[in-house]
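**Q** What shape does this take:
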Amino acid sequence: VQLQASGGGLVQAGGSLRLSCAASGSISVINTMGWYRQAPGRERELVAAISTDGDSTDYADPVKGRFTISRDNAKNTVYLQMNSLKPEDTAVYYCNARIRGSWSPLSNYWGQGTQVTVSS
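**A** Predicted structure coming up:
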């Protein structure tokens, strides 16, 4: 099982980016999915999370009202739409998912990280 993230880049303050993260491999069930970020010199922090069926979401206070997490279970993919970006959103963004493989137990998986840089 692997998670592949994409969509990061350089954007001016006030701009938008959309991150994607696709799970691949022998997957039985994907439970909670989420996005974390880590800025230089800081600990990794939760940005947003979404429940198995997509009905429940949770956001960190700094991104509420600006970021939207969603998922497409048919594509085993989670998205993070980021609007009104601020320089303080600059970080490496990591996707996360709890996945039960076809022949493996429920485990926590991380994507490789994608850089988001917001210029002022």
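**Q** so what's residue 38 up against?
**A** 44-45, 91-92, 94, 113 (C-beta atoms under 8 Å, 6 or more residues apart in numbering). Heads up, the C-betas are built off the backbone N, CA and C, glycines and all.
**Q** Lowest-confidence member of these, which is it?
**A** The lowest pLDDT within those belongs to residue 113, with 93.
**Q** what's the burial count for the closest residue to that residue other than its chain neighbours?
**A** Nearest residue to residue 113 in three dimensions, chain neighbours excluded: residue 92, at 4.5 Å (C-beta to C-beta, 6 or more residues apart in numbering). Around residue 92 sit 18 other residues, with neighbours defined as other C-beta atoms under 10 Å.
**Q** do residue 56 as well
**A** Neighbour count of residue 56, defined by other C-beta under 10 Å: 10.
**Q** my read: it touches residue 33, true?
**A** No. Residue 56 is beyond contact range of residue 33, at 11.6 Å (criterion: C-beta atoms under 8 Å).
**Q** hey, what's in contact with both of those two?
**A** When contacts are counted by C-beta under 8 Å, 6+ apart, the set common to residue 56 and residue 33 consists of residue 50.
**Q** how about the strands in the protein?
**A** 2-6, 9-12, 17-24, 27-38, 45-50, 57-59, 67-72, 77-82, 91-101, 106-110, 114-119 (DSSP state E).
**Q** Mean neighbour count, these: which tops it?
**A** Highest mean neighbour count of the strands of the chain: strand 77-82, a mean of 23 (counted as mean count of other C-beta atoms under 10 Å).
**Q** State the mean pLDDT of it.
**A** Here strand 77-82 scores 98 as its mean pLDDT.
**Q** Report the inter-axis angle for that strand versus strand 17-24.
**A** Angle, strand 77-82 to strand 17-24, by axes from the mean of the first three to the mean of the last three C-alpha atoms, to 10 degrees: 170 degrees.
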